[in-house]
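Chemist: My questions are about this predicted structure, shown below with the sequence.
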Amino acid sequence: MLTHTFKIRVRYGETDQMGYVYYGNYAAYFEIGRVEWLRNFGISYKEMENNGIMLPVLNLNVNYIKPAKYDDLITIKTSLRKLPSVKIEFDFEIFNEQNELLTTAYVSLVFIDMKKNKPTRCPKYLLNKISSQNI
């Protein structure tokens, strides 16, 4: 399983009145994790879209264990679940600075051919990049 971690500081505007990260903002953290996971393996989300492929979310399943708080430096751990086909699937874990597990999630996305507006197989260049990592 290919994994990448990325750190980000919780900003004030991402929190609720209690100083906890508002639950809806976790989806943005998972997107950051995905974009940085791709970038780490030499793939640009922007480049994919420029090549006519988009990746809308099919499924998002989140388990909130402990709250992330304002000004916490959190680590987003993003792991590829299996080789992509028409779908690409990721597992996420978010940790605080004390390395306590705060949140887990599963996200599946589908490759869409933007011209046809229909599902398509994972682009070859993406499969080649992933396969070259010896998963």
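Modeler: All right, it came through fine.

Chemist: The host helix or strand of G33 packs against which elements?
Modeler: Element membership of G33 [criterion: DSSP states H and E] is helix 26-40. When contacts are defined as 3 or more Cβ pairs under 8 Å, 6 or more residues apart in numbering; DSSP states H and E, helix 26-40 packs onto strand 3-9, helix 45-50, strand 57-64, strand 73-80, strand 87-95, strand 101-110. Placement of C-beta: from N, CA and C, glycine included.

Chemist: Direction included, what does the third one pair against?
Modeler: Same thing as strand 57-64. Strand 57-64 has the following sheet partners, assigned by DSSP bridges: strand 101-110 (antiparallel).

Chemist: and the direction of the strand it pairs with versus that of strand 73-80, what angle?
Modeler: 40 degrees (axes from the mean of the first three to the mean of the last three Cα atoms, to 10 degrees).

Chemist: Compute the inter-axis angle for strand 101-110 and helix 26-40.
Modeler: Angle, strand 101-110 to helix 26-40, by the same axes, to 10 degrees: 70 degrees.
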